[in-house]
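Participant: curious how this folds, go ahead:
(one chain, ligands or ions: 1)
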Amino acid sequence: MKVLITGGTGLLGYHLQLLAPPQANIISCYLPSEEPLPYPLPFPAQPLDITDFSRVTNLFTKFSPDIVIHTAAQGSIDWCEDHKPLARSVNIDATFHLIDLCRRHHTHFIFLSTNAVYDGHSSYAKETDVPHPVNFYGASKLAVEQALASDSVSSTIIRPNLMYGWPYPGGRDNQVTRVINSLRQSSPIKILFDTWFSPVSANFMSRVIWYCALDRISGLFNIGGSQRMTLFDLSKLTAQIFQLDPSLLIPVSIKDVPAAPRAIDTSFSTAKMTSELFFSPQPVAEDLLAMKTIPVQSPA
Ligand SMILES: NC(=O)c1ccc[n+]([C@@H]2O[C@H](COP(=O)([O-])OP(=O)(O)OC[C@H]3O[C@@H](n4cnc5c(N)ncnc54)[C@H](OP(=O)(O)O)[C@@H]3O)[C@@H](O)[C@H]2O)c1
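Facilitator: Numbers count the residues shown, from 1 in each chain. Coordinates of the predicted model:
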């Protein structure tokens, strides 16, 4: 089974490679920069800007994947709001190009959408709830979801909730690693206490995605953790598990942070994931303990 993973140096792209099943013959792609990759990726990797359509077409045609797992995106809500044309070209136009290739080559397409498709006015969002994004990032992901709904390409739409885990060495921090790094340096860190999520480990997310990939499961799935919590709750739990000083966590309100509009509550219902994919996430504390046991995740 040939699998093309975009965003190979991202949090999820990296974990997908670490947890790849033996039958997966993978090429991962990463956004090229002037510097070579600081650490090798677990599988053969290709520098590829997904907005470079001719290179994407060339790689796709040469490799001829059975599955594309499309994790690459501009994922910063604030950046997307301030750079709409660039965000559109990565999150929408480049994704449409990949979908077009997948349709023509009968390749299954796994799209990583977001919890930000919801407006956050109610808790435990279900797949049947009407999406209504409050920022451009959420709108860019919803535009792709809507296109997939009327496209003949075989596809799975995964909406991840807030993800955490050890990133690719030297990669971008997430909420949990940001708190660990800050508290280890005895630096105070401001954390929102009034936005709710269903935080989920990149490890769990990867296992769900591989399950969908192996069985080419179609449909739309909200994938989140077992607990609804605020960023402040998550940070306090992180400090506790990693035995760091919680007094350095400074609670702040979303109302006091100048930023792009954000949904207040994007916690997920896990009902469809549990009943149709048969996955149940473990408590966040257990994921954090697992992170503590394996301090840096790197290829075996
Ligand atoms: N993390 C979360 O909490 C979360 C929640 C909901 C949805 N999602 C979605 O889930 C997916 C995976 O998330 P993640 O946390 O793994 O994201 P991530 O760590 O930000 O990884 C995204 C990857 O895309 C790459 N990329 C950006 N622009 C590109 C381009 N033009 N060409 C090629 N690659 C490009 C980035 O490269 P550089 O690192 O070099 O910029 C990065 O490696 C994303 O689609 C994200 O929108 C994430």
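Participant: OK, contacts around the residue nearest to S253 when sequence neighbours are not counted?
Facilitator: Spatial nearest neighbour of S253, chain neighbours left out: D194 (5.4 Å); criterion: Cβ to Cβ, 6 or more residues apart in numbering. The way it works is simple: take the backbone N, C-alpha and C, and place the C-beta from them, glycine included. Contacts for D194 were tallied using Cβ atoms under 8 Å, 6 or more residues apart in numbering; they are 230, 253-255, 264.
Participant: tell me where this structure has helices.
Facilitator: Under the criterion DSSP state H, the chain contains helices at 11-18, 53-63, 77-82, 84-88, 94-105, 136-149, 175-184, 202-214, 231-241, 271-272, 284-293.
Participant: counting by contacts, list what the second one packs against.
Facilitator: In this case it means helix 53-63. If you count contacts as 3 or more Cβ pairs under 8 Å, 6 or more residues apart in numbering; DSSP states H and E, helix 53-63 packs onto strand 2-6, strand 25-30, helix 94-105.
Participant: and the angle from the last one to helix 53-63?
Facilitator: Same thing as helix 94-105. Orientation of helix 94-105 against helix 53-63 (axes from the mean of the first three to the mean of the last three Cα atoms, to 10 degrees) gives an angle of 30 degrees.
Participant: enumerate the residues of the chain near the ligand.
Facilitator: Contact residues (Cβ under 6 Å from any ligand atom) of the chain with the ligand: 7, 9-13, 30-31, 49-51, 71-75, 90, 112, 114-115, 160, 162-163, 172.
Participant: now, which of those lie within strands?
Facilitator: Judged by DSSP state E, strands contain the following of the residues of the chain next to the ligand: 30, 112, 160, 163.
Participant: need the max-distance pair from these.
Facilitator: Greatest spatial distance among these (Cβ to Cβ): Y30 and P160, at 19.1 Å.
Participant: which of those two has more residues huddled nearby?
Facilitator: Each of Y30 and P160 has its neighbours counted (other Cβ atoms under 10 Å); P160 has more, 25 against 22.
Participant: surely the more buried one and I223 touch.
Facilitator: Yes: counting by Cβ atoms under 8 Å, I223 is a contact partner of P160 at 5.6 Å.
Participant: show me the contacts for whatever residue of the chain ends up closest to the ligand.
Facilitator: Nearest to the ligand, among the residues of the chain, is G10, at 2.1 Å (Cβ to the nearest ligand atom). Neighbour list for G10: 71-72, 75, 168, 171-172 [criterion: Cβ under 8 Å, 6+ apart].
Participant: one step back: mutual contacts of P160 and I223, please.
Facilitator: Common neighbours of P160 and I223 (Cβ under 8 Å, 6+ apart) are 200, 205.
Participant: generate a ChimeraX selection restricted to the buried subset of the contacts of D194.
Facilitator: Applying 16 or more other Cβ atoms under 10 Å to these, the buried members can be selected in ChimeraX as follows:
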select :230,264
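Participant: and which of the contacts of D194 is nearest to D119?
Facilitator: I264 (8.7 Å).
Participant: next up, the contacts around the nearest residue to the closest one once chain neighbours are set aside.
Facilitator: Closest residue to I264 apart from its sequence neighbours, by Cβ to Cβ, 6+ apart: G120 at 4.4 Å. Counting by Cβ under 8 Å, 6+ apart, G120 touches 134, 195-196, 262-266.
Participant: give me the below-cutoff pLDDT ranges for this protein.
Facilitator: 296-300 (pLDDT under 70).
Participant: could you redo the last one with a cut-off of 90?
Facilitator: The model of the chain has pLDDT under 90 over residues 34-36, 38, 170-171, 258, 294-300.
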